[in-house]
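A.B. asks: Quick check, what structure comes out for this input:
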Amino acid sequence: MANTRRLPKHARSFVGIPKRRPAWAGIIIACGLVLFPLSALADGEPSSGRVGADSNIEEAIVLAGETIYPGEKKELRLPTSESFIGANVDTPLVVIRGKEPGPVLCLVAGIHGDELNGTEIVREIMDTHGAGDIRGTLIGVPIANLFGFINQSRYLPDRRDLNRFFPGNEHGSTASRIARRFWDVLRNCTHLIDFHTGSLHRSNVPQVRGDLRNEEILDLSRAFGARVIVQNPGPQGTLRRTATDHGIAAILYEAGESMRFQKEEIRKGVLGVRNAMVHLGMREGRRVDLGTQRVYRRTRWVRAEHGGIIEIYPVLGESISEGDILGVISDPLRRDKDILVSRVSGQIIGMVLSPMVIPGMAVLHVGLDDQSLDASGMGMEVLDSDRPE
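C.D. replies: Prediction:
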């Protein structure tokens, strides 16, 4: 049985923890259901912001106009926007409800439409689990940014980054409206995992990010099992930052590069989600050891000082020391050369893939060893780190 004592108060009715109520309350609720259709709850703005609490039905939840009972698995379509020809744009999602109460774990991929590894992770998890396999509720969104996915782009058609607009505004920009539609579902989570890759022409070693000052998030990060854990709560407007601010234990799994499926990064992500589910008491089994973990509370981007064609010597995941030669930047004829020397010690957790650079361009993302910082905190950059600013 899952440990429900740690669940946020707002989620208790959603996951099926019974409330004390007099016997006559059931009769009133039953009458109310005849007069008020369940689907209406999902079509409008919930009065308290909690779908499960608003429904007043301990056995059912209502999402995207559909009622899901314990022991059911349903594929839903969430209305999120409209196309340029006025057609509805409905986002597919899957909801699995175990017969026993437990946490509400939400898996969200494709907020950036060209980041595909997470999409395959969510599809695999939702395809290989049924209502009889879990306790609590599992909600999976394999492609949050359908516009970006179709256009093979990180962004929405208005060139906005969806992951800067949570919790959204139903009367705001396109990005803000879409974010709001998702947030109306995701605010019911007790735990959340957001999946990303490096942005265009960048790759990241499999890693988990979150606000590690929160003990529950730190525990979830360790349980996931990724070998690299980074202190990074995310900028304002990101999904994980918004979820954390609303009492949801949220982490981000970042692995690989955009516009492709990478089998090893996907495999580690699937195992990580299963580890998290075991940790939360949502499924039976033992956690899989994915290797020795290192926690980095500070990171830094090593940047090019000159323009040209770069040859990088270390590989992704390799450890470096202050003073190491990291690469060479040269002109097209290899006449003028600039040696890239490390000013820090740590592990390379992200790197540029394109060989063309100009001054100031981020080349290597390094998780810092403590001794690499001086008294002034040299080298600390608080970034969303897959797309340095």
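A.B. asks: Every contact and neighbour count from this point should use C-alpha atoms.
C.D. replies: OK.
A.B. asks: The stretch 151-300 of the chain: helices as residue ranges?
C.D. replies: Using DSSP state H, counting those that start in this stretch, the helices of the stretch 151-300 of the chain run over residues 174-186, 215-224, 239-245, 263-279.
A.B. asks: Could you dump these into CSV and include distance to S319?
C.D. replies: Output for the helices of the stretch 151-300 of the chain, formatted as CSV (distance: least, CA to CA, whole Å):
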stretch, distance to S319
helix 174-186, 37
helix 215-224, 21
helix 239-245, 28
helix 263-279, 20
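A.B. asks: For those helices, could you give me CSV that also reports mean neighbour count and distance to F195?
C.D. replies: Converted to CSV, those look like this (neighbours: other CA atoms under 10 Å; distance: least, CA to CA, whole Å):
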stretch, mean neighbour count, distance to F195
helix 174-186, 22, 14
helix 215-224, 21, 13
helix 239-245, 23, 10
helix 263-279, 21, 9
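A.B. asks: Present those as JSON lines; the columns should include mean pLDDT.
C.D. replies: Below are the helices of the stretch 151-300 of the chain laid out as JSON lines (pLDDT from 0 to 100):
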{"stretch": "helix 174-186", "mean pLDDT": "97"}
{"stretch": "helix 215-224", "mean pLDDT": "98"}
{"stretch": "helix 239-245", "mean pLDDT": "98"}
{"stretch": "helix 263-279", "mean pLDDT": "98"}
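A.B. asks: Quick check: nearest residue in space to V344, chain neighbours excluded?
C.D. replies: Spatial nearest neighbour of V344, excluding adjacent residues (CA to CA, 6 or more residues apart in numbering): E322 at 4.5 Å.
A.B. asks: Isn't the one you found up against L340?
C.D. replies: No. E322 is not in contact with L340 according to CA atoms under 8 Å; the separation is 11.5 Å.
A.B. asks: which of those two has more neighbours?
C.D. replies: Between E322 and L340, counted using other CA atoms under 10 Å, the more crowded position is L340 (23 against 13).
A.B. asks: average pLDDT across the host helix or strand of that one?
C.D. replies: Under the criterion of DSSP states H and E, L340 resides in strand 337-341. Mean pLDDT, computed over strand 337-341, is 93.
A.B. asks: Tell me which strands that strand pairs with, and in which orientation.
C.D. replies: strand 325-330 (antiparallel) (DSSP bridges).
A.B. asks: Off-centre distance for the helix or strand hosting L107?
C.D. replies: Assigned by DSSP H and E, L107 belongs to strand 104-109. Here the centre of strand 104-109 is set off from its chain's centre by 8 Å, with CA atoms, centre = their mean, to the nearest Å.
A.B. asks: so how far is the next helix or strand after that strand off the chain centroid?
C.D. replies: Next in sequence after strand 104-109, counting helices and strands by DSSP H and E, comes helix 117-127. How far helix 117-127 lies from its chain's middle: 13 Å, per CA atoms, centre = their mean.
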